[in-house]
Each structure stands twice: as structure tokens, then as C-alpha cells.
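K.L.:
Let's see this in three dimensions:
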Amino acid sequence: MNDLGHVPHADVSTPPASPPRREVAAALPSLALRIDEARRAAGLDLYRLAIKARLGQSTMRLAARGVATQRTIEKLSRALGLTVEQLAGSTHG
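P.N.:
Numbering: from 1, shown residues only. The predicted structure follows:
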């Protein structure tokens, strides 16, 4: 606002930023088993793993069923002290 009480016009020459792309979750049947094994080995329940991985409860529940985005797998891997490949399995069959 300037001294006269007017709000300067916004710069309309720059287009608005596009919304962030949503990452697609993949269903990996063996992911649920590996998460469960690693979680138990670490002595964590799903709630504590979610906190450690900084994931929401709904995201954690999906991951525990083997449905996760790459970012979720990365967060879980770090929280469990594993590599992404160890947790998600190699994509290079």
C-alpha cells in the first residue's frame, strides 16, 4: 500500500506457477513384506515408524500395504537405515 492508500497493481507479465505435479503411487507386492520385516527388526510399530519417517498415518498405512510413491519409499528407507534398493527391491530384474 502506498501513501495514498492505493495497492500497487500486481505484475501480470509473469504467468502464475503451475501447481506441483502429483507423484503416482506404485503398488509393490513385496514392499509390504519388506517394510514389515525392517520395521520389526528396528523394534518400531507403524505409528513410530511414521513419526521417524515424517509420514502421515494414511501414507504409512498405504505403504504398509505396499502402495507407495518413490518419495515415501525414500523416507522409509532413511528411517529404517536401509537403501531404497534394499527396501523396494531392485528395479533391474
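K.L.:
where's residue 79, which helix or strand?
P.N.:
According to DSSP states H and E, residue 79 maps onto helix 70-80.
K.L.:
Who are the packing partners of that helix?
P.N.:
With contacts taken as 3 or more CB pairs under 8 Å, 6 or more residues apart in numbering; DSSP states H and E, helix 70-80 sits against helix 29-41, helix 46-53, helix 57-64, helix 84-88. The way it works is simple: take the backbone N, C-alpha and C, and place the C-beta from them, glycine included.
K.L.:
how about 6 Å then?
P.N.:
Contacting helix 70-80 under the criterion 3 or more CB pairs under 6 Å, 6 or more residues apart in numbering; DSSP states H and E are the following elements: helix 46-53, helix 84-88.
K.L.:
Any figure for the gap between the nearest residue to residue 57 once chain neighbours are set aside and residue 63?
P.N.:
Nearest-residue entry for residue 57: residue 50, 5.9 Å, with adjacent residues in sequence omitted and distances by CB to CB, 6 or more residues apart in numbering. Separation of residue 50 from residue 63 (CB to CB, to the nearest Å): 9 Å.
K.L.:
The two: who's more crowded?
P.N.:
In this comparison of residue 50 against residue 63, neighbours counted by other CB atoms under 10 Å, the higher total goes to residue 63 at 26 against 22.
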